[in-house]
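In: just coords:
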């Protein structure tokens, strides 16, 4: 293999695919990147794959001889990132050996690689379900739910976001058992083609739960492609593949049936309070300075004087209270929440005002935008506090 390319393009590709390299590989080759060169297309392809998440990207280069080799990811990344970005980089693999010569105008490096024969192939979805998704809508669905997924590996199915696709509907949801974020987007043109019965249900053609770690990388891919009309998604047998012009991300899905979260959301509410979203966030952030010292709990006391009292009490440290204008209907109420949960839900809402709906201080409350643009529901379980 013999190639010449720009330092910046090689470095960017390495940084991208390295995020799919195993931190604790079960086999030495999994700590390597696969580098493939094709002299017909004059393209270089880099792949990282930890058997759960795989990322592949390609870019133009001058390829004198085709070939493939795997190179230690961390070592290659550290060398290339420090090379001068104004000079080209050449990479040559000696025939009959696995020695790699990496050269720039300032110097050269000899690296020992591992033959590419043993590198696992990225899963290729040949059948099942395929669809085209709008990058901006998918990105919105992802950003408005991913923060609610669980970090607890014992709740494996909850460590991801559930996506449901049907014709013009994209619904996503995430819950960690304490809060739930759901967004429904019904102006999609999904162009869904389903050749499989896998994960079908009565309401949606396709329901998949994708791990949060994989979604962080998919989010970066989709963010870069938000100007494109669509990104292709393929699903089959527990594997999801996202494909754009020059990048592929593949990930395993989380197995099992995602909880029926719709039944957790109350049908009606006896109390509805309207806040200015930014004022609400700013008050919570100030009160959180005290709340975070101990329990992270804030109390919201809603009475009949047109103001909500937001307070926190950190025993032996101090307390804080602020008054926030509120428009309300219903009886007086005192309710407490984890301030982090409230803030994370409020920050993804784009409307100027937000509605807090609830029934009792012991039953689920929901935050929703006060507009007819976004169909978003954020359910939060209150915290029980002693008087």
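Out: Great, that's in hand. Treat the numbers as computed from the prediction; the structure is a model and nothing was measured. Numbers count the residues shown, from 1 in each chain.

In: can we go C-alpha only for contacts and neighbour counts from here?
Out: Fine.

In: could you chop the chain up by domain?
Out: As recorded under automatic domain parsing, the domains making up the chain are 2-118, 129-262, 265-380.

In: can those domains go into JSON lines with extra columns for mean pLDDT, mean neighbour count and distance to residue 386?
Out: Listed next are the domains of the chain as JSON lines, based on pLDDT from 0 to 100; neighbours: other C-alpha atoms under 10 Å; distance: least, C-alpha to C-alpha, whole Å:
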{"stretch": "domain 2-118", "mean pLDDT": "93", "mean neighbour count": "18", "distance to residue 386": "45"}
{"stretch": "domain 129-262", "mean pLDDT": "84", "mean neighbour count": "19", "distance to residue 386": "19"}
{"stretch": "domain 265-380", "mean pLDDT": "91", "mean neighbour count": "18", "distance to residue 386": "10"}
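
In: same for the helix ranked longest in the chain, what does it pack against?
Out: Taking DSSP state H as the criterion, the chain has its longest helix at helix 277-291. If you count contacts as 3 or more C-alpha pairs under 8 Å, 6 or more residues apart in numbering; DSSP states H and E, helix 277-291 packs onto strand 297-302, strand 307-314, strand 318-325, helix 339-347.

In: tell me who's in contact with the nearest residue in space to residue 310 that is not next to it in sequence.
Out: Leaving aside its sequence neighbours, residue 310 sits nearest to residue 300 (C-alpha to C-alpha, 6 or more residues apart in numbering; 4.7 Å). The contact partners of residue 300, taken as C-alpha atoms under 8 Å, 6 or more residues apart in numbering, are 308-311, 334-336.

In: how about a markdown table for these, with distance to residue 213 added?
Out: Converted to a markdown table, those look like this (distance: C-alpha to C-alpha, whole Å):
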| residue | distance to residue 213 |
| --- | --- |
| 308 | 38 |
| 309 | 38 |
| 310 | 35 |
| 311 | 35 |
| 334 | 37 |
| 335 | 33 |
| 336 | 31 |
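
In: any idea how far residue 258 is from the closest residue to residue 7 other than its chain neighbours?
Out: Excluding the flanking residues, the one nearest residue 7 by C-alpha to C-alpha, 6+ apart is residue 85, at 5.2 Å. Using C-alpha to C-alpha, to the nearest Å, residue 85 is found at 47 Å from residue 258.

In: same question for residue 301.
Out: On the measure of C-alpha to C-alpha, residue 301 and residue 258 end up 35 Å apart.

In: repeat for residue 11
Out: In this view, residue 11 and residue 258 are 39 Å apart by C-alpha to C-alpha.

In: and if you look at residue 316?
Out: As judged by C-alpha to C-alpha, residue 316 and residue 258 stand 43 Å apart.

In: please apply the same query to residue 376.
Out: Residue 376 is 19 Å from residue 258, by C-alpha to C-alpha.

In: and what of residue 143?
Out: For residue 143, the distance to residue 258 - C-alpha to C-alpha - is 19 Å.

In: which residues are contacting the strand or helix carrying residue 215?
Out: Here residue 215 sits within helix 212-224, counting by DSSP states H and E. Contacts to helix 212-224, defined as C-alpha under 8 Å, 6+ apart, come from residues 19, 53, 135-136, 139, 142, 146, 149, 159-161, 231, 242, 247, 249, 251.

In: what's the following helix or strand after it?
Out: For helix 212-224, the following helix or strand on the C-terminal side (DSSP H and E) is strand 231-236.

In: next secondary structure after that following strand?
Out: strand 239-243.

In: what helices or strands is that following strand leaning on?
Out: strand 231-236, strand 247-252.

In: show me what the first one is packed up against.
Out: In terms of contact count using 3+ C-alpha pairs under 8 Å, 6+ apart, strand 231-236 is assigned the packing partners strand 129-133, strand 239-243.
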